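Undergrad: Fold the following and give me the result.
(one chain, ligands or ions: 1)
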Amino acid sequence: MAGLAAACGLAERDVEVVLLERESGLGGRLLGWDTTLADGSTVTMSRGFHAFFRQYYNLRGLLRRTDPDLAGLVALPDYPLVHSSGARDRFSGLPSIPPLNAFALAATSPSFPLTELAGVNLPAVLQLLDVDVPGVHERMGHRSARELLEVTGFPATARHLAFEVFSRSFFAAPEQLSAAEMAVMFHVYFLGSAEGLVFDVPRSPFPQALWNPLAGYLTGLGVELRTGASVDGITPGGRLRHRVDWSEAAGARSGEFDAVVLATDPRGLRELVSRSPELGSAPWRSQVSRIPSAPAFLVSRYWLDRPVRPHRQAFLGTGGYPTLDNVSVLERYEDQAREWSDRTGGSVVELHAYALAEGCDAQAERKSLWEQATAVYPELAAARQVDARHEMRADCALFPPGGYADRCTVTTPDPSLVVAGDHVRVDLPVALMEGAATSGMSAANTLLSQWGRRGHTLWTVPRRGRSPALRALARAARRRRGQST
Ligand SMILES: Cc1cc2nc3c(=O)[nH]c(=O)nc-3n(C[C@H](O)[C@H](O)[C@H](O)COP(=O)(O)OP(=O)(O)OC[C@H]3O[C@@H](n4cnc5c(N)ncnc54)[C@H](O)[C@@H]3O)c2cc1C
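TA: Model prediction:
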């Protein structure tokens, strides 16, 4: 996503671009590939469910290049959260005006029982109303999301349901995630924007909905897309600034370039830079070598011989289970799964487990994940698995407490070398897919500005809390405590 955004931003300003992608298709963590099921059907497998939030302005801008009305996305305006204890919550029907949305959530959500609100630490909660990027990372980034939730005194149900679900969507347990990331998330979804927690999902598998149209657009702009091209190393060029060596099925290749955008996942960057000892500077290479990766995750997709119960939602977030984080029913939103379900009478159900224990056993995790899902949707236990696919990987970024200052930025010691990806620090309130798209465009802008070419406008929710009154209250609370919260 970051690489595609950068390629798009550059090619639209008449820069000649060669995009090198190691996998056989585009999309990175949203790659899709064909697989044939036991019943003979050919379907597209992927790492599965991704929520395209309405605040993902730069990502949506990228997709609008080929789909101006975003017709390729389907809205999922309501999705429940359930806790293993039986507690339930949902985020639909909230007013759209900040901060009324946050107050209405606290007043109406079953996770915030009025009887427990007396225990809330108001000065600490006020800090969530005064989020500014990057200041919040200096004030709160040394704490973990778990500590933040404990210090706020939010009711246990709210902590375990709403907030833990969000923390784990960063592929980390709350003790592994920076409190500042959680605060920024609160800002993005409540106080900084009117779109709330509504999100969309692709109407078709990722290649069909997103990447094939974008590939056509980029090719039309003259971008040379080379998939199955794994970059081996980068050295100083003879004719141009950089020589890039890569391997393809046809053999080893190389090319010289004025500039390079490194838009890989964290591990890809660590490995590529370690194989390129002349790139950047020694301190920068050392910084890259420290980029942390999140623990492994598991995505299990099942094609079942019978449907789940009719009222099951497209997406359900779960909390309090050993590893299960969410369950989605693909035929509720994706055309390919709907076609399979209509044809066979079955259901396509996907389970996600983030932040798995180090060294866990893949087979045991699959079995356990399925068993947890049958506790949530008991009808699954009676279903026959026509087929299943499992993806267990560890290619996501981790945003640990105290990690912000050490995060790579788009710029590097070499002006002709820029970095993009969701792990990259852009000092804007963005994360995950939107972080990737924003950093990609920002990388393109950095190069374009050196070449005297017009950049692209980047959009985000405001970089700081919108309400001066709430900000003043938060500052006053900080002064009274005489310390940062
Ligand atoms: C299961 C799952 C669920 C998720 N759900 C959500 C969600 O709901 N909402 C959300 O916003 N985000 C979600 N994410 C996160 C989201 O997928 C990422 O934030 C985003 O895809 C990151 O994009 P990127 O461009 O930074 O990196 P990537 O997508 O990882 O792209 C990096 C690319 O670099 C390529 N590469 C690496 N090394 C080399 C090399 N040497 N040569 C050539 N190519 C190389 C890789 O093949 C890859 O294509 C989810 C992720 C997963 C795994």
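Undergrad: Would you mind naming what in this protein lies close to the ligand?
TA: Residues of the chain lying close to the ligand by Cβ under 6 Å from any ligand atom are 1-3, 20-23, 28-30, 47-48, 50-51, 230-231, 263-265, 268, 272, 297, 299, 352, 395-396, 421-422, 432-433, 436. Placement of C-beta: from N, CA and C, glycine included.
Undergrad: Strands - which of those land there?
TA: Residues of the residues of the chain next to the ligand located in strands (DSSP state E): 20-21, 230-231, 297, 299, 352.
Undergrad: Please identify the buried residues of the lowest-mean-pLDDT helix or strand in the chain?
TA: Among the helices and strands of the chain, helix 100-108 carries the lowest confidence by mean pLDDT, DSSP states H and E, at a mean of 74. Buried residues in helix 100-108, counting neighbours by 16 or more other Cβ atoms under 10 Å, are found at 101-102, 105-106.
Undergrad: With just CA atoms, put it into PDB.
TA: Extracted C-alpha coordinates of helix 100-108, given in PDB (Å, rounded to 0.1, in the frame of the first residue of the first chain):
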ATOM      1  CA  LEU A 100     -20.800  14.500  21.900                       C
ATOM      2  CA  ASN A 101     -20.000  11.100  20.300                       C
ATOM      3  CA  ALA A 102     -17.500  10.200  23.200                       C
ATOM      4  CA  PHE A 103     -19.900  11.400  25.900                       C
ATOM      5  CA  ALA A 104     -22.800   9.500  24.300                       C
ATOM      6  CA  LEU A 105     -20.700   6.400  24.100                       C
ATOM      7  CA  ALA A 106     -19.900   6.700  27.900                       C
ATOM      8  CA  ALA A 107     -23.600   7.400  28.700                       C
ATOM      9  CA  THR A 108     -25.200   4.700  26.600                       C
END
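Undergrad: got the contact list for that helix?
TA: In this structure, residues lying in contact with helix 100-108 by Cβ atoms under 8 Å, 6 or more residues apart in numbering are 91, 94-95, 112, 117, 129, 186, 190-191, 194, 196.
Undergrad: Neighbour-wise, which one of the ones in strands among the residues of the chain next to the ligand leads?
TA: His352 (24 neighbours; other Cβ atoms under 10 Å).
Undergrad: Which residue does the protein have closest to the ligand?
TA: For the chain and the ligand, the shortest gap (Cβ to the nearest ligand atom) falls at Gly28, measuring 2.1 Å.
Undergrad: So what's the predicted local confidence for that residue?
TA: pLDDT, Gly28: 98.
Undergrad: Could you list the low-pLDDT ranges of this structure?
TA: Confidence mapping of the chain against pLDDT under 70 gives the ranges 114, 481-485.
Undergrad: list the helices and strands the lengthiest helix in it packs on?
TA: Criterion DSSP state H: the longest helix present in the chain is helix 432-450. On a contact count with 3 or more Cβ pairs under 8 Å, 6 or more residues apart in numbering; DSSP states H and E, helix 432-450 meets helix 2-11, helix 57-64, strand 260-262, strand 417-419.
Undergrad: mind running it again at 7 Å?
TA: In terms of contacts (3 or more Cβ pairs under 7 Å, 6 or more residues apart in numbering; DSSP states H and E), helix 432-450 is packed against helix 2-11, helix 57-64, strand 417-419.
Undergrad: the inter-axis angle of the longest one versus helix 57-64?
TA: Spelled out, that is helix 2-11. 70 degrees (axes from the mean of the first three to the mean of the last three Cα atoms, to 10 degrees).
Undergrad: Could you export helix 2-11 as CSV, CA atoms only?
TA: Extracted in CSV, the C-alpha atoms of helix 2-11 (Å, rounded to 0.1, in the frame of the first residue of the first chain):
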residue,chain,number,x,y,z
ALA,A,2,2.8,2.4,0.9
GLY,A,3,4.7,1.5,-2.2
LEU,A,4,1.7,1.8,-4.4
ALA,A,5,0.9,5.3,-2.9
ALA,A,6,4.5,6.4,-3.5
ALA,A,7,4.5,5.1,-7.1
CYS,A,8,1.2,6.8,-7.8
GLY,A,9,2.3,10.1,-6.2
LEU,A,10,5.5,10.1,-8.3
ALA,A,11,4.1,8.9,-11.6
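Undergrad: thinking again about what came up before, in the contacts of helix 100-108, find the pair that's most separated.
TA: Spatial extent of those (Cβ to Cβ) is set by the pair Leu117 and Ala194 at 24.8 Å.
Undergrad: which residues does the nearest residue to Gly238 once chain neighbours are set aside bridge with?
TA: Excluding the flanking residues, the one nearest Gly238 by Cβ to Cβ, 6 or more residues apart in numbering is Glu256, at 7.1 Å. Taking DSSP bridges as the rule, Glu256 bridges to Arg243.
Undergrad: What about Glu256, how many residues nearby?
TA: Glu256: 13 surrounding residues under other Cβ under 10 Å.
Undergrad: do Leu19 as well
TA: Neighbours of Leu19 under the rule other Cβ under 10 Å: 22.
Undergrad: quick one: what helix or strand has the closest residue to Tyr404 other than its chain neighbours in it?
TA: Residue nearest to Tyr404 in three dimensions, not counting chain neighbours: His137, with 4.0 Å by Cβ to Cβ, 6+ apart. Taking DSSP states H and E as the criterion, His137 maps to helix 135-140.
Undergrad: pretty sure Leu417 is in contact with Val260, am I right?
TA: Yes. Between Leu417 and Val260 there is a contact under Cβ atoms under 7 Å: 5.4 Å.
Undergrad: so the residue nearest to Tyr404 makes contact with Ala180?
TA: Yes. With contacts counted by Cβ under 7 Å, His137 reaches Ala180, the gap being 4.4 Å.
Undergrad: Identify the contacts common to the two.
TA: Tyr404 (Cβ atoms under 7 Å, 6 or more residues apart in numbering).
Undergrad: More neighbours: these two, which one.
TA: Comparing His137 with Ala180 by neighbour count (other Cβ under 10 Å), the higher total belongs to Ala180, at 27 against 24.
Undergrad: could you pull out the helices for the stretch 301-450 of the chain?
TA: 335-344, 362-376, 432-450 (DSSP state H, counting those that start in this stretch).
Undergrad: TSV for the helices and strands packed on helix 432-450, including mean neighbour count?
TA: Shown next, in TSV, are the helices and strands packed on helix 432-450 (neighbours: other Cβ atoms under 10 Å):
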stretch	mean neighbour count
helix 2-11	26
helix 57-64	20
strand 417-419	25
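Undergrad: Just send those back as CSV, with distance to Asn212 too.
TA: Converted to CSV, the helices and strands packed on helix 432-450 look like this (distance: least, Cβ to Cβ, whole Å):
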stretch, distance to Asn212
helix 2-11, 12
helix 57-64, 12
strand 417-419, 27
